[in-house]
Each structure stands twice: as structure tokens, then as C-alpha cells.
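Engineer: Would you be able to build a 3D model of this:
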Amino acid sequence: MIRLLIDDVTLLKTPDGLTAHVRFRGGPTTSLALPPALSAWQLRQTSPQVVALVNQLLDRYTEGEIARRLKAQGYCSGAGRAFHPRIVERIRRDYGLRPRYQRLREQGLLSLAEAARLLGIDPQTVKIWARHGLVAAHRYSDKRQCLHEHPR
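Structural biologist: Down below sits the predicted model:
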């Protein structure tokens, strides 16, 4: 059917993409400018909005919690997959986002050993106290690793 309408098509590769000149039967012509094709890695790249959202969520959540939130909100990775912690970790690493641990340390939170030394107690006691709410603890990983607020 198209052969009855189109007489000739000329394709030109330009720095801006591809230009197609179409000559129809009977004489009229038209030109179409097509953007350059994206490479495979560009097609699979995570959207800037999702990267910004991951960066924002790292202030309050672990990578596993972020993956669950993004999945629940219907977001997909650049490859079209549902989010899981390894995808969030890879986005964080590939885009140079600061890890949650570093963000919490910058806020002055203490490691388990530092909190134990400051309180003059065993590190296991700090964990017990944190479980009972006597010492404020903030998780920085999905392995239940925490940093602790300075006991004042």
C-alpha cells in the first residue's frame, strides 16, 4: 500500500540526528528530522527524578526501605525492573550519592564503640538500651547496623 503512495525516500545522517526526505507519487515532497538514536546505556539509564528521590530518601531510610517505598509507589529502574536494595545501592554508587552512614556521621551520630566508650559501658549494653529506647539509635543499613545519638 505504501509503495503506491511513496516514490522515493532519501536518508541523511547529520550531527543533529537523521533527516528523511520523502517524495510522494505526483511530485510533493516532505522532510522529517529525527533525533539521534540513544545508545543502549542511555535507554536503560535511571531517570533524574528517581535519582533525586533516592538522594532525598537516603537522609531518612536504608537502601532496603527505599526500594520498598519506590516499588510501592510504582517506580521502575531504568531497565524497567522493580526496585530492590541492590538497584538502590547501585544508583547511589553510580551517581555519587553519599551513603546513609556518611550522612548520619555528618550529623554527629556515634558508632557503637564510641557510644559505649562515652557512656562507660559494654557495647552490648548500648544495643540493649537502644532497643528499650534509652539511647536513640538510627539504622544505616539493612543489617540492623545503627549509629547512636550523643547521650547528653
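
Engineer: Residue 133 belongs to a helix?
Structural biologist: No. Residue 133 is assigned coil when assessed by DSSP: H, G, I helix; E, B strand; the rest coil, not a helix.

Engineer: and the gap between it and residue 149?
Structural biologist: 12 Å (C-beta to C-beta, to the nearest Å). Quick note: C-beta positions are derived from backbone N, CA and C, even for glycine.

Engineer: So for these two, which sits in the more crowded spot?
Structural biologist: When residue 133 and residue 149 are compared for neighbours, residue 149 comes out ahead with 16 against 8, by other C-beta atoms under 10 Å.

Engineer: how much space is there between the spatially closest residue to the more buried one that is not a sequence neighbour and residue 11?
Structural biologist: For residue 149, ignoring the flanking residues on the chain, the nearest one in space by C-beta to C-beta, 6 or more residues apart in numbering is residue 136 at 4.0 Å. Per C-beta to C-beta, residue 136 is found 65 Å from residue 11.

Engineer: out of the two, which sits in the more crowded spot?
Structural biologist: The neighbour comparison of residue 136 against residue 11 (other C-beta under 10 Å) goes to residue 136, with 15 against 11.

Engineer: End to end on stretch 135-152, go ahead and measure it.
Structural biologist: 10 Å (C-alpha to C-alpha, to the nearest Å).

Engineer: From the rest of the structure, what touches it?
Structural biologist: The set of residues external to stretch 135-152 that reach it, using C-beta atoms under 8 Å, 6 or more residues apart in numbering, is 62-65, 85, 99-101, 104-105, 108-112, 114-115, 118-119, 126, 129-130.

Engineer: In the chain, what helix or strand scores lowest on average pLDDT?
Structural biologist: Lowest on mean pLDDT, DSSP states H and E among the helices and strands of the chain sits helix 2-5, with a mean of 76.
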